[in-house]
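Peer 1: Have a look at this prediction, sequence included:
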Amino acid sequence: MIDPNLDPNLQPEANDLPHRAQDAWSDASNRAEHAMEDGVRYARENPIVAVVGAIIAGIVIALLVSSRREPTVRERYIDGPLDDIHDHLSNLREQVGEKADKHFHKTVSAIERAIKQARKALS
């Protein structure tokens with residue numbers, strides 16, 4: 001249904017839109033049908049080329065779609081374990097650092113107390 005408030009100059013074009021859409025759809029359907037017929041005819045005339053082309057297309061699509069790949073020998077047996085060792089050592093370094101900080105602060109406090117006691121004793 002066409003809007004009655006539409007500009008009168010655009011009214012004829014608006015009325016023609018459904019027919020133009022139908023014509024475009026018919027044209028696209030006909031082109032697709034002819035392309036399909038041409039493809040079938042080519043495959044019948046050149047079966048080896050068609051089969052090889054289909055295999056290549058399948059391989060390309062499989063490679064594009066496949067997101068999973070097996071890790072290489074280097075990734076599996078060298079890089080992976082090295083990354084695990086690195087993570088483990090980083091965690092150990094953090095733990096040792098926390099303990100060292102704790103003991104450092106205790107030691108500093110003990111030294112400060114000893115200095116205060118020494119000053120008291122000398123004064």
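Peer 2: Done, it's in. Residues are numbered from 1 along each chain as shown.
Peer 1: Contacts made by stretch 33-46 with the rest, please.
Peer 2: residue 50 (CB atoms under 8 Å, 6 or more residues apart in numbering). Any C-beta I mention is one placed from the backbone N, CA and C, and that applies to glycine too.
Peer 1: Off-centre distance for it?
Peer 2: Distance of stretch 33-46 from its chain centroid, counting by CA atoms, centre = their mean, to the nearest Å, is 37 Å.
Peer 1: Same question for stretch 48-57.
Peer 2: 30 Å.
Peer 1: Kindly export it (C-alpha atoms) in CSV.
Peer 2: C-alpha atoms of stretch 48-57 as CSV (Å, rounded to 0.1, in the frame of the first residue of the first chain):
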residue,chain,number,x,y,z
ILE,A,48,38.4,-34.5,-15.5
VAL,A,49,38.7,-30.8,-15.2
ALA,A,50,35.4,-30.6,-13.3
VAL,A,51,36.5,-33.3,-10.9
VAL,A,52,39.9,-31.8,-10.3
GLY,A,53,38.3,-28.4,-9.8
ALA,A,54,35.8,-29.8,-7.4
ILE,A,55,38.6,-31.5,-5.4
ILE,A,56,40.7,-28.3,-5.3
ALA,A,57,37.7,-26.2,-4.3
